[in-house]
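Chemist: sequence-free structure coming up:
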């Protein structure tokens, strides 16, 4: 068997564990490597070869992204998404799915009933848009996305008042409702009545959800260093990965329950293939340092780990009392700074029992301790 040069290089950087276990089957599409039906569904819809590629829904991704930023009720957001994705059950769409039905607009029997026809080009829709009083003069396009883009442009216009900025989407919604009432309830709603219902719904929405909208609550991340229980040490560690050079910088800092500095260390590692591998190695190196110094009651904390995991499990089993946790980046700034610093140093390994001067600001900065 012959291997490509790229495959050989990948095999050479695999780090073998001295404490490896016998091989077993794993499912690579979950974080814990366990099989689940949910992950199978995700794999079927996301992981595929070029031959089995799934055709994404129709419609502009840019327009779809704007939908979810609309300050409007979710059912209208979903409705507009269906419009752009060509997912409304108009007669032309039903025919395209193999349903034997007349594709002609049943209201005026003049043209095929497409989504664009129902919402913009049908005489009833055009009359409704005229009755709305909105300064929209470019809704005659045969391109559905151009018409939808005109509605978003009107909403984002600086001269458009907040009260009527979303009104056009209510018009769109009630044109569709009016079409369904005509087909299924045999009720031909006059455009003026549609406008009255649209205006009432828009005013109600503005009065309840917009005018009285509470100020957003800032989701502030905790930034203070969290001490371990009395008698324990805390080891904060982190890694920095550089894909171009296949290098990772690893840093760790150990403090006691009162926040007093104990020691720090930094290591530069070559032949690291992913940021995930660098993170796992950071934990492994931190546990080595804890073990060789005789400490057993330690809480390793990291800002967010195959073979390296076996080593990690082995070293954790040697620590009689060990608790592993994660913190956000703001609470792990010292370890993050150490991991980045080692990549600029000449030495590959640096350990200090006295903190470097440049690290002092991270130790005593009010937001980190």
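Modeler: Yes, it's here. Everything numeric here is computed off the predicted structure, so don't read it as measured data.
Chemist: domain assignment for this structure?
Modeler: Annotated domains of the chain cover 61-210, 233-364 [automatic domain parsing].
Chemist: looking at those domains, which is closest to residue 3?
Modeler: Residue 3 sits nearest to domain 233-364 of all the domains of the chain, at 16.6 Å, using Cβ to Cβ. For every residue, glycine as well, the C-beta is placed using N, CA and C.
Chemist: could you give me the average pLDDT of that closest one?
Modeler: For domain 233-364, the per-residue pLDDT values average out at 79.
Chemist: Just say which of the domains of the chain is most tucked in.
Modeler: domain 233-364 (a mean of 18; mean count of other Cβ atoms under 10 Å).
Chemist: Please list all residues in contact with residue 109.
Modeler: Under the criterion of Cβ atoms under 8 Å, 6 or more residues apart in numbering, residue 109 has no contact partners.
Chemist: Which helix or which strand is home to it?
Modeler: Under the criterion DSSP states H and E, no helix or strand holds residue 109.
Chemist: Residue 338 too?
Modeler: Per DSSP H and E: helix 333-341 holds residue 338.
Chemist: what's the next secondary structure element after that helix?
Modeler: Scanning onward from helix 333-341 (DSSP H and E), the first element met is strand 349-352.
Chemist: before we move on, the earlier item: I'd like the domains of the chain as CSV, with distance to residue 28 appended.
Modeler: Listed next are the domains of the chain as CSV, based on distance: least, Cβ to Cβ, whole Å:
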stretch, distance to residue 28
domain 61-210, 28
domain 233-364, 10
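Chemist: right, and the ones you listed - which one's nearest residue 12?
Modeler: Of all the domains of the chain, domain 233-364 comes closest under Cβ to Cβ, at 7.6 Å.
Chemist: and the closest one, how far from the chain's centre?
Modeler: Relative to its parent chain, domain 233-364 has a centroid offset of 27 Å by Cα atoms, centre = their mean, to the nearest Å.
Chemist: so who does the nearest residue in space to residue 270 that is not next to it in sequence touch?
Modeler: Spatial nearest neighbour of residue 270, excluding adjacent residues (Cβ to Cβ, 6 or more residues apart in numbering): residue 247 at 5.7 Å. By Cβ under 8 Å, 6+ apart, the contact list for residue 247 reads 241, 268, 269, 270, 272, 343.
Chemist: As JSON lines, these with distance to residue 292 would be great.
Modeler: Shown next, in JSON lines, are the contacts of residue 247 (distance: Cβ to Cβ, whole Å):
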{"residue": "241", "distance to residue 292": "25"}
{"residue": "268", "distance to residue 292": "19"}
{"residue": "269", "distance to residue 292": "18"}
{"residue": "270", "distance to residue 292": "22"}
{"residue": "272", "distance to residue 292": "23"}
{"residue": "343", "distance to residue 292": "24"}
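Chemist: ok, back up a step: closest to residue 24 out of the domains of the chain?
Modeler: Closest among the domains of the chain, using Cβ to Cβ: domain 233-364, at 10.9 Å.
Chemist: Would you map the strands across the stretch 201-350 of the chain?
Modeler: 233-242, 247-256, 261-269, 297-302, 321-322, 325-326, 349-352 (DSSP state E, counting those that start in this stretch).
Chemist: Pipe those into CSV and attach distance to residue 42 per row.
Modeler: What follows is these, written out as CSV (distance: least, Cβ to Cβ, whole Å):
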stretch, distance to residue 42
strand 233-242, 25
strand 247-256, 29
strand 261-269, 32
strand 297-302, 26
strand 321-322, 33
strand 325-326, 23
strand 349-352, 41
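Chemist: between those, which one is nearest to residue 163?
Modeler: Comparing the strands of the stretch 201-350 of the chain by Cβ to Cβ, strand 325-326 comes nearest, at 45.7 Å.
Chemist: which helices and strands does the closest one pack with?
Modeler: With contacts taken as 3 or more Cβ pairs under 8 Å, 6 or more residues apart in numbering; DSSP states H and E, strand 325-326 sits against strand 297-302.
Chemist: rerun that using 6 Å as the cut-off
Modeler: Strand 325-326 sits against no helix or strand, with contacts defined as 3 or more Cβ pairs under 6 Å, 6 or more residues apart in numbering; DSSP states H and E.
Chemist: Now do the contacts for the closest residue to residue 262 other than its chain neighbours.
Modeler: Excluding the flanking residues, the one nearest residue 262 by Cβ to Cβ, 6+ apart is residue 254, at 4.3 Å. By Cβ atoms under 6 Å, 6 or more residues apart in numbering, the contact list for residue 254 reads 233, 235, 262, 263.
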